[in-house]
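J.: I need the structure of the sequence given here:
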Amino acid sequence: MASADVVPTPVAYPTPPPFALPVLRITKVTPGGGSGSIWRSVQPRVTFSAQPGYSRDLTITLTDTATGRLVPIRKTYCSLTLTMTIYPVSRLAANRAYRISVTSPSAHLNFRATFRTGSR
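T.: You can find the predicted model right below:
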């Protein structure tokens, strides 16, 4: 009895779709854009639509708009709420406008919001 050669039949698997990262957007900022008379010890918060961790070029700054100088800050991130909290190193100046900027060229993100401190 002669043995027959077994020829495997190729199976066509569908091509998987390309991996798409979630769109990174700002869903909320506090204090809200244009807010006034904000407490000088404010800790601004920025909430994202997705985890910003994949965006390695994410930059968050706080700027004194009167002088154009960056305010020294510390930041923490909560992955459960997708919220970044900004802690100015020192108390903000009274009756000044400040700008929160969040940028990420790779995520096509360029967000700005301003608020004004009060006298306290």
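J.: list the strands paired with the lowest-mean-pLDDT helix or strand in the chain, with their directions.
T.: Ranked by mean pLDDT, DSSP states H and E, the helix or strand of the chain with the weakest confidence is strand 35-38, at a mean of 91. When sheet partners are counted by DSSP bridges, strand 35-38 sits next to strand 109-117 (parallel).
J.: how far does the partner strand sit from the chain's center?
T.: What separates the centre of strand 109-117 from the centre of its chain is 13 Å, taken as CA atoms, centre = their mean, to the nearest Å.
J.: please save the CA atoms from stretch 61-74 in CSV.
T.: As requested, C-alpha coordinates have been extracted for stretch 61-74 and formatted as CSV (Å, rounded to 0.1, in the frame of the first residue of the first chain):
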residue,chain,number,x,y,z
THR,A,61,2.3,74.2,32.1
LEU,A,62,0.9,77.0,34.2
THR,A,63,1.8,80.5,33.0
ASP,A,64,1.4,83.9,34.7
THR,A,65,0.0,85.8,31.7
ALA,A,66,1.1,89.2,33.1
THR,A,67,4.8,88.3,33.1
GLY,A,68,4.7,85.4,30.6
ARG,A,69,6.7,83.3,33.0
LEU,A,70,6.1,79.6,33.8
VAL,A,71,4.9,78.9,37.3
PRO,A,72,6.9,76.1,39.0
ILE,A,73,4.5,73.2,39.5
ARG,A,74,4.3,69.6,40.6
